[in-house]
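>>> could you look at this predicted model? Sequence included:
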Amino acid sequence: MLHVDFTKSLPEFTLTARFSVGEEIAVLFGPSGSGKTTILNCIAGLTHPDDGSIRLSSQVFFDGERPYKLPPQNRGVGYVFQEYALFPHMTVEQNIRYGMKRHAQVNLPELLQTVGIDHLLSKYPHQLSGGQKQRAALVRALATEPSILLLDEPLSALDAQTRRQCQDELLRIHEKWRIPILLVTHDQDEAERLGDLVLTSENGAWCLPLQHKKSHALSPAP
Ligand SMILES: Nc1ncnc2c1ncn2[C@@H]1O[C@H](COP(=O)(O)OP(=O)(O)OP(=O)(O)O)[C@@H](O)[C@H]1O
């Protein structure tokens, strides 16, 4: 269970985040500049709140009172950035293997097949379409065997059909992995389709879920 309870001063407003996410998909749905990426960055440890706390189950990520900051590399966070952030000089396989643990338990061939990029391992990022890059970035994040997955608008650059396929893959992966996933999107349909929990902001505060649903509707298999 992820527990987030912090404030952070930004140039134009004070960001407040107060919510909990179990083994479910929580969508952060809100306008540009409302602090979505900043929340993900605080959870990943790339930036820090001013006060409050962030915990994943019993593991403290941040505690403003002690004060304490767990280094990003010890948080077990998988992060897919807005721009995929694949290393351009590495093949897909090298990108994926980069963050893997030495004795990784993850079944990489199965994961590659699930996400449909097993035939692209020797390609470089510039040889991939937007959807393929997105999938490679997702596999790279999952290959680190994260305890939590952060996805910052991972599907925004995709056409409608590819986007739908990637949404389905994400739902399937989540069914299998059962870890908390925080997903940022500007797309209301996507928020409703993927989110067990949809968080939105009011006056800089991300607190109350708009809706909480029990099951997802996968597209029928093609
Ligand atoms: N490195 C930074 N330095 C100064 N201000 C920043 C920085 N990063 C973000 N901000 C400010 O913090 C606020 C929140 O930005 P953030 O990127 O978290 O919003 P967002 O909701 O993710 O936006 P978008 O949907 O456009 O990605 C914005 O007002 C932004 O100008």
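Everything's here; your move.
>>> next, the closest residue to R178 other than its chain neighbours: secondary structure please.
Leaving out its chain neighbours, the residue that sits closest to R178 by C-beta to C-beta, 6 or more residues apart in numbering is E23, at 4.4 Å. (Glycine included, C-beta is placed from N, CA and C.) Classification of E23 using DSSP: H, G, I helix; E, B strand; the rest coil returns coil.
>>> hey, where'd the helices end up in this protein?
36-44, 92-98, 108-115, 130-143, 160-177, 188-194 (DSSP state H).
>>> which of the ones you listed sits closest to L70?
Nearest to L70 among the helices of the chain is helix 36-44 (10.6 Å), distances taken as C-beta to C-beta.
>>> how far off centre is that closest one?
10 Å (C-alpha atoms, centre = their mean, to the nearest Å).
>>> what's it in contact with?
The contact list for helix 36-44, computed with C-beta atoms under 8 Å, 6 or more residues apart in numbering, reads 2, 4, 6, 8, 10, 15, 17, 28, 30, 47-49, 54, 61-62, 72, 75, 77, 79, 82, 148, 150, 152, 182, 184, 206.
>>> likewise for stretch 120-140?
Contacts of stretch 120-140 (C-beta under 8 Å, 6+ apart): 80-81, 84-93, 95-96, 98-99, 111-112, 115-117, 151, 154-155, 157-159, 162, 165-166, 169-170, 173.
>>> of those, keep whichever come out buried.
80-81, 84, 86, 91-93, 95-96, 111-112, 115, 117, 151, 154-155, 157-158, 162, 165-166, 169-170, 173 (16 or more other C-beta atoms under 10 Å).
>>> tell me which parts of this structure are close to the ligand?
Residues of the chain lying close to the ligand by C-beta under 6 Å from any ligand atom are 10-12, 30, 32-38.
>>> can you do 5 Å?
10-12, 32-38 (C-beta under 5 Å from any ligand atom).
>>> would you mind checking those for buried ones?
34-38.
>>> and which of those is nearest to H103?
For these, the nearest to H103 is T37 (32.6 Å; C-beta to C-beta).
>>> where does the chain dip in pLDDT?
84, 208-222 (pLDDT under 70).
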